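Enquirer: output the structure for:
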Amino acid sequence: MVSAAGIIMNMAVSSVMVPLGTPAPDFRLPAVGGDTVALADLRGPALLVMFICNHCPYVRHIEKALGATVAEYAERGLAAVGICANDTDAYPDDTPEHLAEQARRAGFTFPYLVDETQEVARAYRAVCTPDLFLYDAERRLAYRGAFDASTPKNGVPVTGELLRAALDRVLAGEPVPEPHRPSMGCSIKWKPGNEPDWLVS
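Expert: The predicted structure is shown next:
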């Protein structure tokens, strides 16, 4: 018999639509390369927190466009960080060494952090890769959802249009009107017994 947790571990899932206005949970995590980055270190009129990883085909499908989009908007003041929370014992392609390779391959210019305890992913209510959370200048949630409508198999071009539209509004000090399209991707690979109660109930 496959448990509910086992099903969640192995199927594509959509992001949880955390209420807009929710404050960004605090964190302090080690980055690929050795530095430590905290929420307070990420200054600017907008903050993008991305739960991503190396092995997921949904992330790989958009990674270069995501890297380019973040670099472009960083010139307008966007602060951004990537976080990998996957169980690397079960998914060794997501170890820091492989994340560093991904960052080079995809052109990531933002800090790439490792959430080994998975506590930060739980605090943000992240469930999939990619899972994108955009916060305003007050670090209140302004957008949570997809990069665009493209997936690895649907043939839709990768444009980043949904995230770009949200970034434009947040950087202009405007709300991002709902509905927001949920992100979809591989489930975060929770360590055994570490699945959030709100996810498997």
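
Enquirer: what mean pLDDT does the longest helix along the chain have?
Expert: Criterion DSSP state H: the longest helix present in the chain is helix 57-74. When pLDDT is averaged over helix 57-74, the result is 98.

Enquirer: nearest residue to Q102 other than its sequence neighbours?
Expert: N54 (4.3 Å; C-beta to C-beta, 6 or more residues apart in numbering). Heads up, the C-betas are built off the backbone N, CA and C, glycines and all.

Enquirer: report how many residues lie close to the closest residue in space to A165 that isn't next to it in sequence.
Expert: Closest residue to A165 apart from its sequence neighbours, by C-beta to C-beta, 6+ apart: V176 at 7.5 Å. The number of residues packed near V176 is 20, by other C-beta atoms under 10 Å.

Enquirer: contact partners of the longest helix of the chain?
Expert: Helix 57-74 has contacts (C-beta atoms under 8 Å, 6 or more residues apart in numbering) with 12, 46, 48, 50, 52-54, 78, 80, 102, 105-110, 128-130, 147-148, 150-152, 158-160, 163-164, 167, 171, 184-186.

Enquirer: buried residues in it?
Expert: Buried residues in helix 57-74, counted by 16 or more other C-beta atoms under 10 Å: Y58, V59, R60, H61, I62, E63, A65, L66, G67, T69, V70, Y73.

Enquirer: nearest to V37, of the residues you listed?
Expert: Nearest to V37 among these is V70, at 14.9 Å by C-beta to C-beta.

Enquirer: how close does the closest one get to V81?
Expert: According to C-beta to C-beta, to the nearest Å, V70 stands 10 Å off from V81.

Enquirer: helices or strands up against the next helix or strand after the longest helix of the chain?
Expert: Beyond helix 57-74 in the direction of the C-terminus, DSSP states H and E gives the next helix or strand as strand 78-84. In this structure, strand 78-84 packs against strand 46-51, helix 57-74, strand 112-114, with contacts taken as 3 or more C-beta pairs under 8 Å, 6 or more residues apart in numbering; DSSP states H and E.
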